[in-house]
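Visitor: I'll drop the sequence and a predicted model, then ask my questions.
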Amino acid sequence: MKKLFKAIREDNIEQVIQVLNNEPELVNCTAKQPPKKDDGQSPLQVALKTGAFDIADYLIDNGADINFMEDEACCNTWRAPVIHDAINAAVMCSRWNTNNPYTGFEVFSTEEKAVRARSILEKMLQSGADVNKPDSSGNSGIWRFCMQAYQILPRFDFAKNCECDDRIFTAELETDLLNILKLLCRYGADLNYASPDMKLTVKEFYKNGSMAKLLSQV
């Protein structure tokens, strides 16, 4: 089992195929710490977290549980369904950027990566992954998207009622994030779901800046 997770983290698909050919039931095994961050997680979760998308494809094709979520017995207090890992991966492969006064403007992904990560998310949704399944804090898939995307969008200065220039909401970034958002909605993401912590829907909570602009388009 350790051999499988090591191969996934090394993005060694040949090794993954070899392990699963010998023990196909391991496709739905769970990791044991160390590392602590993987404890209780499935091979598909680890593949998505590490950006091993060819491996993720292979795992899905070979029976990976697309609605898996860590058991309460794992050492991590926050647990999330694997679809949340796919959402996070898609968001973080969008063409986000930083705009630093010292290092300048820098983009951290490509259109190819954005399309590839989104294809895995779509494949899971097409296969029946529950987009509304909440994490252990009660956040649904639409909330996961918004919380993750918020981390890579320009910071909103509420005192000045405008966005900062620490990041730029480029046309490319808007396209990538909107494609993810529309995909989630197409597969039934509940925009009216109120987070247990916030007691608000995403449109009620995100009323300003780039996130509000994205949500206004669905």
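Guide: Done, it's in.
Visitor: Pick out the residue closest to the middle of this structure.
Guide: Computing the C-alpha centroid of the chain and ranking residues by Cα atoms, centre = their mean puts Asn88 first, at 1.6 Å.
Visitor: That one - that's part of a strand, no?
Guide: No. With DSSP: H, G, I helix; E, B strand; the rest coil as the criterion, Asn88 is assigned helix and is not in a strand.
Visitor: The closest residue in space to it that isn't next to it in sequence: what's it in contact with?
Guide: For Asn88, ignoring the flanking residues on the chain, the nearest one in space by Cβ to Cβ, 6 or more residues apart in numbering is Gln148 at 5.1 Å. In this view, the C-beta of every residue, glycine as well, is placed from N, C-alpha and C. Counting by Cβ atoms under 8 Å, 6 or more residues apart in numbering, Gln148 touches 87-88, 91-92.
Visitor: picking that back up, quickly note the distance from the residue nearest to the centre of the chain to Ser94.
Guide: When Cβ to Cβ, to the nearest Å is applied, the distance between Asn88 and Ser94 equals 11 Å.
Visitor: returning to that earlier point: relative to Ile55, how far out is the residue nearest to the centre of the chain?
Guide: 16 Å.
Visitor: now Ala159
Guide: Taken as Cβ to Cβ, the span from Ala159 to Ile55 is 46 Å.
Visitor: pLDDT score for the spatially closest residue to Lys203 that is not a sequence neighbour?
Guide: Spatial nearest neighbour of Lys203, chain neighbours left out: Leu215 (5.2 Å); criterion: Cβ to Cβ, 6+ apart. According to the prediction, Leu215 has pLDDT 98.
Visitor: So what's the residue count around Leu215?
Guide: Number of residues near Leu215 (other Cβ atoms under 10 Å) recorded here: 21.
Visitor: Would you check how far apart it and Asp54 are?
Guide: Leu215 is 32 Å from Asp54, by Cβ to Cβ.
Visitor: The residue nearest to Lys203: what's it in contact with?
Guide: Leu215 neighbours (Cβ under 8 Å, 6+ apart): 146, 181, 191, 202-203, 206.
Visitor: all strands of this protein, in order?
Guide: With DSSP state E as the criterion, the chain has strands at 97-100, 104-107, 156-157, 162-163.
Visitor: Those strands: which one's closest to Asn139?
Guide: Smallest distance to Asn139 across the strands of the chain (Cβ to Cβ): 20.2 Å, for strand 156-157.
Visitor: who does that closest one touch, helix- and strand-wise?
Guide: Counting by 3 or more Cβ pairs under 8 Å, 6 or more residues apart in numbering; DSSP states H and E, the packing neighbours recorded for strand 156-157 are strand 162-163.
Visitor: State the mean pLDDT of the strand it packs on.
Guide: Averaging pLDDT along strand 162-163 gives 96.
Visitor: Run through the neighbouring helices and strands of it.
Guide: So strand 162-163, by 3+ Cβ pairs under 8 Å, 6+ apart, packs with strand 156-157.
Visitor: any chance of the strands of the chain in a markdown table, with mean neighbour count and distance to Pro43 too?
Guide: Shown next, in a markdown table, are these (neighbours: other Cβ atoms under 10 Å; distance: least, Cβ to Cβ, whole Å):
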| stretch | mean neighbour count | distance to Pro43 |
| --- | --- | --- |
| strand 97-100 | 15 | 32 |
| strand 104-107 | 11 | 31 |
| strand 156-157 | 16 | 38 |
| strand 162-163 | 14 | 39 |
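Visitor: how is the chain carved up into domains?
Guide: Using automatic domain parsing, the domain ranges for the chain come out as 2-61, 82-215.
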